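>>> here is my input; please provide its structure:
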Amino acid sequence: MAPDRSTRRAGRWTGPCLATVALVAVLLAACSSNSSSSTTSTTAAAHPSTSSTAATTTTSAAPTTTNGVGPAVYEIQTGTVKGLGKVLVDGRGFTLYLFVPDKQSGASTCYGSCAQGWPPILLPTGIAAPVAGPGVESSLLGTTHRTDGTIQVTYNKWPLYLWVGDSEPGQATGQGLNNLGGLWYVLSPSGKAITTHP
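As a prediction, this is how the structure comes out:
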């Protein structure tokens, strides 16, 4: 029988026993590492990281324009208003209006308190043109310079406005109002005034 070459010197093992102890230590470390990885993966699956949540939020957010400004008030599209049918709306779905005293001249006559009640559709700084959304004729879109230097969106030469009385998309509470100097009407996709009442 071969003599056991394992000896203990000064409280330390040498020879084959030392190799066994080292191997056990390596295996324990590997198991601990795998267990930690497994826990991390499970936790990540159960509780998405902040970056994952941020990505989801960005995906489900309201549509934005190419320069990051959104929702695009200056994107002109069509929407449906009960009793009026298809009308022009902004990129958020709010109904747009024309002001009869503008006389389809391509220039606005609504300033001061008029513009507070009927905010003009303006292009943000750095935006060169309005966006043609679904249902509109891009050839009818245009702009006009206001006296304060801002640029207002027009459609078929009618400057476009919102009405502060509309609190959500699909409303047209300003339709047919004689307010702040003249009559206000919604517009059809062909750029004509719709004068019927809902």
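>>> what strand or helix carries residue 115?
When elements are assigned from DSSP states H and E, residue 115 belongs to helix 113-117.
>>> show me where pLDDT drops low in the chain?
Applying pLDDT under 70 to the chain flags the ranges 1-71.
>>> check contacts around the closest residue to residue 76 other than its chain neighbours.
Of all residues not flanking residue 76 in the chain, residue 136 sits nearest, at 5.2 Å (Cβ to Cβ, 6 or more residues apart in numbering). Backbone N, C-alpha and C define where each C-beta goes, glycine included. Counting by Cβ atoms under 8 Å, 6 or more residues apart in numbering, residue 136 makes contact with 76, 77, 78, 88, 155, 189.
>>> JSON lines please, covering those residues and showing distance to residue 111, secondary structure and neighbour count.
Shown next, in JSON lines, are the contacts of residue 136 (distance: Cβ to Cβ, whole Å; DSSP: H, G, I helix; E, B strand; the rest coil; neighbours: other Cβ atoms under 10 Å):
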{"residue": "76", "distance to residue 111": "22", "secondary structure": "strand", "neighbour count": "29"}
{"residue": "77", "distance to residue 111": "27", "secondary structure": "strand", "neighbour count": "19"}
{"residue": "78", "distance to residue 111": "28", "secondary structure": "strand", "neighbour count": "16"}
{"residue": "88", "distance to residue 111": "22", "secondary structure": "strand", "neighbour count": "27"}
{"residue": "155", "distance to residue 111": "20", "secondary structure": "strand", "neighbour count": "24"}
{"residue": "189", "distance to residue 111": "28", "secondary structure": "coil", "neighbour count": "19"}
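>>> need those residues in JSON lines with distance to residue 119, can you?
Below are the contacts of residue 136 laid out as JSON lines (distance: Cβ to Cβ, whole Å):
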{"residue": "76", "distance to residue 119": "15"}
{"residue": "77", "distance to residue 119": "18"}
{"residue": "78", "distance to residue 119": "20"}
{"residue": "88", "distance to residue 119": "15"}
{"residue": "155", "distance to residue 119": "16"}
{"residue": "189", "distance to residue 119": "22"}
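>>> specify which member of these is nearest to residue 164.
For the contacts of residue 136, the closest approach to residue 164 (Cβ to Cβ) belongs to residue 88, at 17.5 Å.
>>> measure that closest one to residue 115 for me?
Separation of residue 88 from residue 115 (Cβ to Cβ, to the nearest Å): 19 Å.
>>> again, but for residue 182
For residue 182 relative to residue 115 (Cβ to Cβ), the value is 13 Å.
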